[in-house]
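Peer 1: model the structure of this input:
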Amino acid sequence: MSKFKKISKNIQQITITNPQKTNYIDWININNAGKTEIEYLRKKYNFKLSRLAVSSAKSNSQRPIIARESDYIFIILHFPILASSLDNQNNKRIMSAEIEFFIGHSFLITMPNAPIEPLNYFFNLCKKDSGSLLSYELGSSSILLYEILKKLLEYSYVILDHNSLAISHAEQIVLGEDQKKSANLILNLRHNLINMRKIIQNHKNIIKQLMVMESSIIAREHLKKYYGELIDQTKNIWETLENQREMVEVLYASCESQSNYRLSSIMKTLTIFYVTFSSLSLIAAIFSIKADHGMPFINYQNSFWIILSIMSAAGLAMLLLFKKKKWL
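Peer 2: The predicted model follows:
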């Protein structure tokens, strides 16, 4: 069973209690942590101010952190979330969401810096039906942390599926004629994959350190088993990201090749026009030279049309030459 308590506007608490166990777990979820929330944690749990200062900072930490104190562990992890672009709701961007964890005997505190769908869903699930949880059965905060991390990592597969659909759509666009649209799609995909790789790459190292947590309730080999599953998940996610990155790079190369081909075709056409009209300009310049009694056709009655015919013949000859050389 579980007992829900709303401590304040931003602080919610679930107490997970198994009648067959003597211990309990307090899961406190804090959204938009400010001075009031930080002061509450300082008074109730006596956390270090340096750790709480990190939690109250408005900017994200640039790297994941795990720090062991005497009676708790402080963790910062980043997870990918999907955010819609303002100009196109279908053009999703992968952003980084940060969660700070304080975990100790019989308590777990989560402090997300943004709404995170799988975390909120799991919190509501615990509020309604904690009896189905592994942490309810075993009565350990380390197992509750494992279940939360598992849900968050499983959400990464949803994002990977979104990437796969976007890649399939980009393949169809690249084969079409809308070059600008395909370039935008591929750039967005590359940006998403880079962001997600940055977010996921350090998870495995943090989880390995969590495998050796001390627990008075769960044997270490059991913790290794559960957290080993999380490491396998991070490996699978990373391998999928690598495959998607390779596919996007191939699409990028194809798009770039098409762009270069179109550009070279345009430049070839412009060069042909330039060479042709430069030659005609040369003929016109030659006949404009003032040479008394030395310039042919100048003094004829139809000299203008004769010179124009010569220029036309020269232009036609050059076009025929280009065609023969298969430049046209």
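
Peer 1: where do the strands sit along the stretch 51-200 of the chain?
Peer 2: Taking DSSP state E, counting those that start in this stretch as the criterion, the stretch 51-200 of the chain carries its strands at 65-68, 72-84, 92-104, 107-112.

Peer 1: quick one: the helices in this structure?
Peer 2: With DSSP state H as the definition, the chain shows helices at residue ranges 35-45, 49-56, 117-128, 134-138, 141-175, 179-200, 203-210, 220-287, 303-324.

Peer 1: burial count for N124?
Peer 2: For N124, the neighbour count with other Cβ atoms under 10 Å is 13. For the C-beta atoms, the positions are set from N, CA and C on the backbone; glycine is no exception.

Peer 1: pull up the per-residue confidence for it.
Peer 2: On the pLDDT scale, N124 is placed at 90.

Peer 1: so, low pLDDT: which residues of the stretch 151-300 of the chain?
Peer 2: Judged against pLDDT under 70, the low-scoring parts of the stretch 151-300 of the chain cover residues 176-178, 215-219, 290-295, 297-299.

Peer 1: burial measure for L153, as a count.
Peer 2: For L153, the count of nearby residues is 21 (other Cβ under 10 Å).

Peer 1: list the contacts of stretch 306-317.
Peer 2: T276, F277, S279, L280, I283, A284, F287, F297, Y300 (Cβ atoms under 8 Å, 6 or more residues apart in numbering).

Peer 1: kindly apply the preceding question to stretch 7-25 instead.
Peer 2: Counting contacts by Cβ under 8 Å, 6+ apart, the residues touching stretch 7-25 from outside are 1-6, 26-34, 36-37, 40, 106-108, 123, 126-127, 130, 133, 135-137, 139-141, 144, 217.

Peer 1: for the nearest residue to L149 once chain neighbours are set aside, give its distance to T17.
Peer 2: The shortest distance from L149 to any residue that is not its chain neighbour, by Cβ to Cβ, 6 or more residues apart in numbering, is 5.6 Å, and that residue is L230. Relative to T17, L230 is positioned 26 Å away (criterion: Cβ to Cβ, to the nearest Å).

Peer 1: with V275 instead?
Peer 2: As for V275, its distance to T17 is 87 Å (criterion: Cβ to Cβ).

Peer 1: look at those two and report which has more neighbours.
Peer 2: T17 (16 against 11).

Peer 1: pLDDT score for the more buried one?
Peer 2: On pLDDT, T17 comes in at 85.
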